[in-house]
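Novice: quick one: sequence plus predicted model below, questions after.
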Amino acid sequence: MNPEGLMDLLKVLVGNGLQIDYIETNAAWISDNDDRTRKILSGVVNAGGECMMVSADPFHVEFIPFWKTERLIRLLRETGISYFVWQERYLPLLRRLDPERTYSGEDLQNVFGYDVIGRCAIEYGMGFNGRALNLLRKYGKRKPTAALLQPCPELCSTGHFHTDFLGYYVPPGCTGIGMLMEDVGRKFDHEKYPVLAKLTQGGVRALLEYSMDFGYIPDPKGYVSKCELCFSIRKHIISRARQASRDLSPACFYRQDY
């Protein structure tokens, strides 16, 4: 949405020796002005983003009409810019839809006769956090709290992670929780990051015990996953704590209705 800002960022990253594998885009920014799009693509490539990854799947078509995706793919091909589609296997399916409109999960089921979103979620092996918890609640089965008090080894994995605009290191799949980048690699500060400390030491069980100080009461109906239980606990803690925990960030994440 801010191509000039992206180009400036790329120049800084490349200028400091960082390799850019690809630029990921869902084509939401595409318009019917092909000259403008070509100019943006050329600028991004010249700044160091030499390869594009175009997202195309039934999840994106809920918000982005497919004509945008198709137009971007065509322009990338015509301009000779390196690209790939994630995931290309869904293109034949999406090309059966009206490219001028968007489709909800219910719309897709009416068109194809089966639960496209549910099947894609299984195929992706999705991590259900944030808004995706609403999908998991719809398709998953509730389990008693006692069956979900598991360790969280994924918090210590560095195979995949994010950094956010506030300068936080975000562990794999654990949206709404993290630590400042400046503290990564240093001795772990348990007082500064109490929630992370509990999760890394004792998993969801330790976090649940910690949450009792804030008056947390588990839902007797249970939860569909340990991640939903963990999110529920964290949301309660941030609403009751006198001072927001540094590791529950950004605070606005917990004010949304998940």
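Specialist: Structure received.
Novice: all strands for the stretch 51-200 of the chain, in order.
Specialist: For the stretch 51-200 of the chain, the strands defined by DSSP state E, counting those that start in this stretch cover 51-55, 82-86, 162-163, 168-170, 179-180.
Novice: would you indicate which residues of the helix-or-strand element of the chain with minimal mean pLDDT are buried?
Specialist: Of the helices and strands making up the chain, the lowest-confidence element is helix 132-139, at a mean of 79, by mean pLDDT, DSSP states H and E. When burial is assessed from 16 or more other CB atoms under 10 Å, helix 132-139 yields the following buried residues: A132, L133, L135, L136. Glycine gets a C-beta too; all of them are placed from N, C-alpha and C.
Novice: now the strands of the stretch 51-200 of the chain as a markdown table including mean neighbour count and distance to D189?
Specialist: Conversion of the strands of the stretch 51-200 of the chain to a markdown table gives the following (neighbours: other CB atoms under 10 Å; distance: least, CB to CB, whole Å):
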| stretch | mean neighbour count | distance to D189 |
| --- | --- | --- |
| strand 51-55 | 18 | 36 |
| strand 82-86 | 15 | 37 |
| strand 162-163 | 12 | 19 |
| strand 168-170 | 18 | 13 |
| strand 179-180 | 19 | 9 |
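Novice: weakest of those strands by average pLDDT?
Specialist: Of all the strands of the stretch 51-200 of the chain, the minimum mean pLDDT falls on strand 162-163 (a mean of 88).
Novice: that strand pairs with which strands?
Specialist: strand 168-170 (antiparallel) (DSSP bridges).
Novice: returning to that earlier point: in TSV, list the buried residues of helix 132-139 along with distance to G222.
Specialist: As requested, the buried residues of helix 132-139 are exported to TSV (distance: CB to CB, whole Å):
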residue	distance to G222
A132	19
L133	14
L135	18
L136	13
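Novice: let me know the closest of those residues to A28.
Specialist: For A28, the nearest member of the buried residues of helix 132-139 is A132. The distance, counting by CB to CB, is 18.6 Å.
Novice: can you pull the pLDDT of L75?
Specialist: The pLDDT attached to L75 in the predicted structure is 98.
Novice: hmm, it is touching R36, no?
Specialist: No - with contact defined as CB atoms under 8 Å, L75 does not count as touching R36 (10.5 Å).
Novice: those two - which one has more neighbours?
Specialist: With neighbours defined as other CB atoms under 10 Å, L75 and R36 compare such that L75 has more, 17 against 13.
Novice: against W86, how distant is the spatially closest residue to the more buried one that is not a sequence neighbour?
Specialist: Nearest-residue entry for L75: T37, 5.5 Å, with adjacent residues in sequence omitted and distances by CB to CB, 6 or more residues apart in numbering. Spatial separation of T37 from W86 under the definition CB to CB, to the nearest Å is 19 Å.
Novice: how about L148?
Specialist: The gap separating L148 from W86 is 31 Å, by CB to CB.
Novice: so who does D164 touch?
Specialist: Neighbouring residues of D164 by CB atoms under 8 Å, 6 or more residues apart in numbering: V170, G178, S249, P250.
Novice: hmm, I typed the wrong one, I wanted M179.
Specialist: Neighbour list for M179: Y168, Y169, Y193, L196, R246, D247 [criterion: CB under 8 Å, 6+ apart].
Novice: domains of the protein?
Specialist: According to automatic domain parsing, the chain is divided into the following domains: 3-98, 145-255.
Novice: give me the buried positions along the helix or strand hosting R234.
Specialist: Assignment of secondary structure by DSSP states H and E places R234 within helix 226-240. Residues of helix 226-240 classed as buried: 226-238 (neighbour count, 16+ other CB under 10 Å).
Novice: just stretch 1-18 next, same as before
Specialist: Buried positions in stretch 1-18, judged by neighbour count with 16+ other CB under 10 Å: P3, L6, M7, L10.
Novice: same check, this time on stretch 35-46
Specialist: Going through stretch 35-46 with 16+ other CB under 10 Å, the ones that come out buried are T37, I40, L41, V44, V45.
Novice: okay, the angle between the strand or helix carrying I40 and strand 51-55?
Specialist: Assigned by DSSP H and E, I40 belongs to helix 34-47. Relative orientation of helix 34-47 versus strand 51-55 (axes from the mean of the first three to the mean of the last three CA atoms, to 10 degrees): 130 degrees.
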